[in-house]
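In: make a model of this:
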Amino acid sequence: MAQNPALTFDHVHVIATDPHATAKWYVEKLDAEIVADTMVRGAPQIAVSLGGMTVLVRGQRAGEAPAAPDSFNDYGDFSSHNRWGADHIGYNYKGDLAAYCEELAARGVTFSVPVKVNPTGLTLCFIEAPDGVCIELVQR
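Out: Model (predicted):
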């Protein structure tokens with residue numbers, strides 16, 4: 001079956017306890033850019049551009065009671081939240097991922113899984129963004 005050319009990826013939506021602090025984290029730690037800062041349905045909503053993708057960061061809306069995030073687990077040769085649904089956001093890093101991870105560590109980024117080569121030969125790591133969001137960085 002052919003792919004649908006009318007369908008393109010648009011965004012990932014993150015609900016944040018402090019949306020402005022979360023958006024600032026993406027800017028300071030990953031060199032993202034805030035492209036919009038609005039109020040939507042009574043809550044702040046900030047569009048952050050990162051790696052050609054939009055991360056929409058919004059606050060809690062009236063009537064919502066978001067559950068606490070669960071932990072990310074390292075099982076040796078794989079890692080996951082061990083639950084159904086979306087597990088993480090993945091970005092391909094074009095360059096020396098190990099060197100970039102050293103830079104991220106110097107910026108105070110926390111690693112769920114430090115940079116490593118997995119059994120298939122892929123270099124990767126997982127970093128912790130605010131509010132339990134897990135980001136995988138890979139070097140292909």
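In: how about the helices in the chain?
Out: Along the chain, counting by DSSP state H, helices occupy 19-30, 97-106.
In: could you list the buried residues of the last one?
Out: Using 16 or more other CB atoms under 10 Å as the test for burial, helix 97-106 gives 97, 100-101, 104. Yep, even glycine has a C-beta here, placed from its N, CA and C like the rest.
In: ok, the longest one next?
Out: Using 16+ other CB under 10 Å as the test for burial, helix 19-30 gives 19, 22-26, 29-30.
In: let's have those in JSON lines, adding distance to residue 116.
Out: Formatted as JSON lines, the buried residues of helix 19-30 follow (distance: CB to CB, whole Å):
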{"residue": "19", "distance to residue 116": "32"}
{"residue": "22", "distance to residue 116": "27"}
{"residue": "23", "distance to residue 116": "29"}
{"residue": "24", "distance to residue 116": "29"}
{"residue": "25", "distance to residue 116": "24"}
{"residue": "26", "distance to residue 116": "24"}
{"residue": "29", "distance to residue 116": "20"}
{"residue": "30", "distance to residue 116": "20"}
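In: what's the spacing between residue 56 and residue 18?
Out: 15 Å (CB to CB, to the nearest Å).
In: neighbour count for the two, which is higher?
Out: residue 56 (18 against 15; other CB atoms under 10 Å).
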